[in-house]
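A.B. asks: structure for the following, please:
(one chain, ligands or ions: 2)
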Amino acid sequence: MRVFKFGGASVKDAEAVKNVVNVLRLYESESLLIVVSAMGKTTNALERLVKAYVEQDMAGMQTVYAEIKAFHDEIIAGLLKHKDSHAYDDIENLFIELECLLETQSEGSYDYNYDQIVSYGEIFSSRILSTFLKEADINNRWIDARNFIQTDGHYREGKVDWELTAGIIGRKLKPIVQKQKVVTQGFIGQTPDKQTSTLGREGSDYSAAIFAYGLDAEDVTIWKDVAGVMNADPKRMPEAIKIDGLNYKVAIELAYYGATVIHPKTIQPLQSKGIPLVVKSFMDPEASGTEVSVRIQEENAVPFYIFKDHQAYISVSSKDFSFIAEEHLTHIFALLSSYNIRVNVMQNSAISFSLVVNDDPRKLEALLEVLSEDYQVQMESDVQLITIRNYQSADVSSIVGDRKIWMEQRGAQVLQLVTAGA
Ligand code: ASP
Ligand code: MG
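C.D. replies: Numbers count the residues shown, from 1 in each chain. Ligands and ions are numbered 1, 2, ... in the order given. Modelled structure (predicted):
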């Protein structure tokens, strides 16, 4: 039993959906759970729809809804076997359902509404894929992930109830997957009150890992538009190379530092059961990709480059040049936690404490105001955080160029630099 995850790019148009069939043809005899994300950039569009809905911006709602509908209609039109087929009629009903929801007054919090609406992206895509696979004679069953992924009541970042979730998946889903291929959604779950929740943006990989954990799957394959995990983002560094294998620890570290190919939460459940994760290209399904597993023992000496843009560098020092001591740090961390600000890198010296966080002006303005009451605060916006693993073999100076360096931190393997924006 294996778990496959197809992201938004792999189902971004009719041609892409057809390509998924080509990939699946290679696995005809396998028991598969197929997890799919919303098509193309649908989640972004749905986020705009939520905003318009909550603000009761009728014109905005209509425009965005029409855009989402037309996008999916075009994909369906490209997939239809013959023009007057009714195969996709149930998807039409789902759109009516969403339209009716939009007609009602919004109730509850923004995040609650967000999850009720944004989750449609995955419902549409999984329905379309399931139908198309049937039409292509790939027998499968569509399943609602919300019956299995049980979260707490935190909308937009539902926390998984592992015991409950793994229990239901093992008892109810496993026997189904043993019999036939199953198509389900990434990203979505259900709260204890039976409302839809989501797991955070880009959460479909995480869903795949949760399902794999509950199914005790052989492995998880993430199908992507890249050859595998690369040692740098090829859009930034064309000379980036594909990595054949990584161990879980390095993968978690890379995700932590901001490598976007692996969703940070995905590795942990897989590691705890020793389930390998494979990242492969849906354009070249027979190529080997990257394997993340315990099998990969030796330390890879290839340098990894991770760039994080839109960072803010904040330096906090005492007003009277006294030392920054434990009680100050306790105070600063309490503030960071109360504003829900994650520290990406920090450093302290005798009279100052410096940190780099995501440049979120709304949160930072509030933080700076409070900090300034007790400290001298300096902030530099729009800096870049560069993390290099195995920096000894890296050409650091050509990456930094003549940009100003705000902070530098060197460990045995990892070098982090905070520089002026690129
Ligand atoms: N569709 C969701 C998103 O774009 C989940 C995912 O793609 O993983 O964030
Ligand atoms: Mg997506």
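A.B. asks: how about the CA coordinates for the helix-or-strand element of the chain with minimal mean pLDDT, as PDB?
C.D. replies: The weakest-scoring helix or strand in the chain, judged by mean pLDDT, DSSP states H and E, is helix 248-257 (a mean of 88). Extracted C-alpha coordinates of helix 248-257, given in PDB (Å, rounded to 0.1, in the frame of the first residue of the first chain):
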ATOM      1  CA  TYR A 248      15.100  12.400   7.800                       C
ATOM      2  CA  LYS A 249      17.200  14.500  10.100                       C
ATOM      3  CA  VAL A 250      18.800  16.600   7.200                       C
ATOM      4  CA  ALA A 251      15.400  16.800   5.500                       C
ATOM      5  CA  ILE A 252      13.800  18.200   8.700                       C
ATOM      6  CA  GLU A 253      16.600  20.600   9.100                       C
ATOM      7  CA  LEU A 254      16.300  21.900   5.500                       C
ATOM      8  CA  ALA A 255      12.600  22.300   5.900                       C
ATOM      9  CA  TYR A 256      13.100  24.200   9.100                       C
ATOM     10  CA  TYR A 257      15.500  26.600   7.500                       C
END
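A.B. asks: what packs against that helix?
C.D. replies: helix 267-273, strand 304-318, strand 375-389, strand 414-420 (3 or more C-beta pairs under 8 Å, 6 or more residues apart in numbering; DSSP states H and E). From N, CA and C alone the C-beta is placed, and that goes for glycine too.
A.B. asks: what parts of this structure come near ligand 1?
C.D. replies: Contact residues, the chain versus ligand 1 (C-beta under 6 Å from any ligand atom): G7, G8, S37, A38, T43, G121, G186, F187, R201, E202, G203, S204.
A.B. asks: narrow those to those that are buried.
C.D. replies: G7, G8, S37, A38, T43, G121, G186, F187, E202, G203, S204 (16 or more other C-beta atoms under 10 Å).
A.B. asks: among these, which ones are in helices?
C.D. replies: If you go by DSSP state H, these have T43, G121, S204 in helices.
A.B. asks: please list which of those also come close to ligand 2.
C.D. replies: When contact is defined as C-beta under 5 Å from the ion, these meet ligand 2 at T43.
A.B. asks: got the contact list for the residue of the stretch 301-422 of the chain found nearest ligand 1?
C.D. replies: As assessed by C-beta to the nearest ligand atom, ligand 1 sits closest to N358 within the stretch 301-422 of the chain, at 16.8 Å. The contact partners of N358, by C-beta atoms under 8 Å, 6 or more residues apart in numbering, come to H310, Q311, A312, I341, R342, N344.
A.B. asks: wait, K363 sits on S338?
C.D. replies: No: using C-beta atoms under 8 Å as the test, K363 is too far from S338 to be in contact (10.5 Å).
A.B. asks: neighbour count: these two, which is higher?
C.D. replies: K363 (16 against 11; other C-beta atoms under 10 Å).
A.B. asks: just give the closest residue to the most centrally placed residue in the chain, not the sequence neighbours.
C.D. replies: Residue closest to the mean C-alpha point of the chain, counted by C-alpha atoms, centre = their mean, is E202 at 2.2 Å. What sits nearest to E202 in space, not counting adjacent residues and going by C-beta to C-beta, 6 or more residues apart in numbering, is H263, at 5.5 Å.
A.B. asks: doesn't I252 make contact with the one you found?
C.D. replies: No: the pair H263 / I252 is not scored as a contact, 10.9 Å apart, by C-beta under 8 Å.
A.B. asks: so which helix or strand takes in the residue nearest to E202?
C.D. replies: Following DSSP states H and E, one finds H263 outside all helices and strands.
A.B. asks: for it, phi and psi?
C.D. replies: phi -70, psi 130 (degrees, to the nearest 10).
A.B. asks: residues near it, how many?
C.D. replies: H263 - counted by other C-beta under 10 Å - has 20 other residues nearby.
A.B. asks: grab the nearest non-local neighbour of D13.
C.D. replies: I75 (6.0 Å).
A.B. asks: please report how far R295 lies from R48.
C.D. replies: 43 Å (C-beta to C-beta, to the nearest Å).
A.B. asks: comparing these two, which residue is more hemmed in?
C.D. replies: R48 (17 against 10).
A.B. asks: distance between the ends of stretch 150-159?
C.D. replies: 8 Å (C-alpha to C-alpha, to the nearest Å).
A.B. asks: give me the longest helix you can find in this protein.
C.D. replies: Per DSSP H, the chain has its longest helix at helix 58-79.
A.B. asks: helices or strands up against it?
C.D. replies: Partner elements for helix 58-79 (3+ C-beta pairs under 8 Å, 6+ apart): helix 14-25, helix 42-54, helix 89-103, helix 120-135.
A.B. asks: Serialize those helices to JSON lines and add fields for mean pLDDT.
C.D. replies: Converted to JSON lines, the helices and strands packed on helix 58-79 look like this (pLDDT from 0 to 100):
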{"stretch": "helix 14-25", "mean pLDDT": "98"}
{"stretch": "helix 42-54", "mean pLDDT": "98"}
{"stretch": "helix 89-103", "mean pLDDT": "97"}
{"stretch": "helix 120-135", "mean pLDDT": "98"}
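A.B. asks: winner for burial among those helices?
C.D. replies: helix 120-135 (a mean of 23; mean count of other C-beta atoms under 10 Å).
A.B. asks: tell me how far it lies from the chain's centre.
C.D. replies: 20 Å (C-alpha atoms, centre = their mean, to the nearest Å).
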